[in-house]
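Student: Kindly generate the corresponding structure for this input.
(one chain, ligands or ions: 1)
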Amino acid sequence: MLERIRIVLIGTSHPGNIGGVARAMHNMGLADLALVAPRCEVVTADCVSRASGADALVHSARRTDSLDDAVSDCTLVVGASARSRTLPWPMVTPRALGERLPRELADPESRVALVFGREDSGLSNDELHRCHAHVHIPTNPDFCSLNLAAAVQVLAYECRLAWLATQEATDSSVYHQKAHSDDLAPATHNEIEGYFVHLERVLTRIGFHDPAVPRQLMARLRRFTLRARPERLELNILRGILTATERQATANDQHVPSKATRLPDETH
Ligand code: SAH
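Tutor: Below you'll find the model as predicted:
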């Protein structure tokens, strides 16, 4: 279970923090680290020193330019946030997140990403809107921002507690069975993002959405869809509906006679 939990750091600016994260992960038995567009040289003396022997994780970390690339194969993406944002999103506590992991990772194909933001500005709204849920570590409300590596430590500890509980369960086999057929498997981040691109295109095409005046339409539809945790088959049905809608819109464009050419009995 632990090897299918990915820690994703976005735009980190201090190499020491990356080393500290590697140490926290290795202490708790996590090994999958992804660095999205770091804003510093990664492997420095400070990084290696803070890693205290766990720098192999930094060397083997996957490097990507975007959050999408870092989590494309993940079936659950959770963003760690120090503050609440304008559009409330499903929230989990660190403990509830840990308790959810054995179920989330029951299928050996599933993967969970825990996403952490920049030291100075955290995660952007766009990044937070790509997550199924947000996790907030309860802190002193007047001083709520933890050091990046400390935040990773807290969540990695909850992952470990949850994993230990599965080891102690009398029938641990329940956590290892392949629970889903392919259709029933939860859709991956990549599949869901493909759906959102398609959805926005169709909503724009039929005049329901104006990208120039987006309000929060796409963010609200994202929150709704991500909350539902669609299975692959369900997502395919939704995409089928979008494709049929596009086809119909094209047919209407081509076949609806303009007012001037309508026959009299068609006008009422
Ligand atoms: N100054 C930033 C916080 C940056 S701390 C802000 O105001 O948003 C760097 C990262 O550590 C955050 O993006 C978040 O992923 C994580 N983090 C820090 N404190 C946290 C908390 N209390 N709960 C959850 N994540 C936290």
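Student: Determine the number of other residues adjacent to the closest residue to residue 149 other than its chain neighbours.
Tutor: Leaving aside its chain neighbours, residue 149 sits nearest to residue 20 (3.0 Å; criterion: CB to CB, 6 or more residues apart in numbering). Placement of C-beta: from N, CA and C, glycine included. Using other CB atoms under 10 Å, residue 20 has 24 neighbouring residues.
Student: dump the residue contacts of residue 20.
Tutor: By CB atoms under 8 Å, 6 or more residues apart in numbering, the residues touching residue 20 are 50-51, 147-150, 152.
Student: Give me the mean pLDDT for the helix or strand harbouring it.
Tutor: Residue 20 is part of helix 15-28, with elements assigned from DSSP states H and E. For helix 15-28, mean pLDDT rounds to 98.
Student: Write out the residues of the stretch 151-268 of the chain neighbouring the ligand.
Tutor: Within the stretch 151-268 of the chain, the positions near the ligand by CB under 6 Å from any ligand atom are residue 151.
Student: so where's the stretch 151-268 of the chain uncertain?
Tutor: 170-180, 256-268 (pLDDT under 70).
Student: Just the helices from it, written as ranges.
Tutor: 189-205, 217-228, 232-255 (DSSP state H, counting those that start in this stretch).
Student: go on, the stretch 1-150 of the chain?
Tutor: Under DSSP H, counting those that start in this stretch, the stretch 1-150 of the chain gives helices at 15-28, 45-51, 56-59, 67-71, 94-104, 125-128, 148-168.
Student: list the contacts for the spatially closest residue to residue 55 that is not a sequence neighbour?
Tutor: Sequence neighbours aside, residue 48 is the residue nearest to residue 55 in space, at 4.9 Å (criterion: CB to CB, 6+ apart). Taking CB under 8 Å, 6+ apart, we find residue 48 in contact with 19, 55, 58.
Student: Check residue 2 too.
Tutor: By CB under 8 Å, 6+ apart, residue 2 lies in contact with 28-31, 159-160, 163.
Student: try 7 Å this time
Tutor: Applying CB atoms under 7 Å, 6 or more residues apart in numbering to residue 2 gives the contacts 29-30, 159, 163.
Student: Give me the buried positions along stretch 97-104.
Tutor: Buried residues in stretch 97-104, counted by 16 or more other CB atoms under 10 Å: 97-98, 100-102, 104.
Student: Cheers, nothing more for now.
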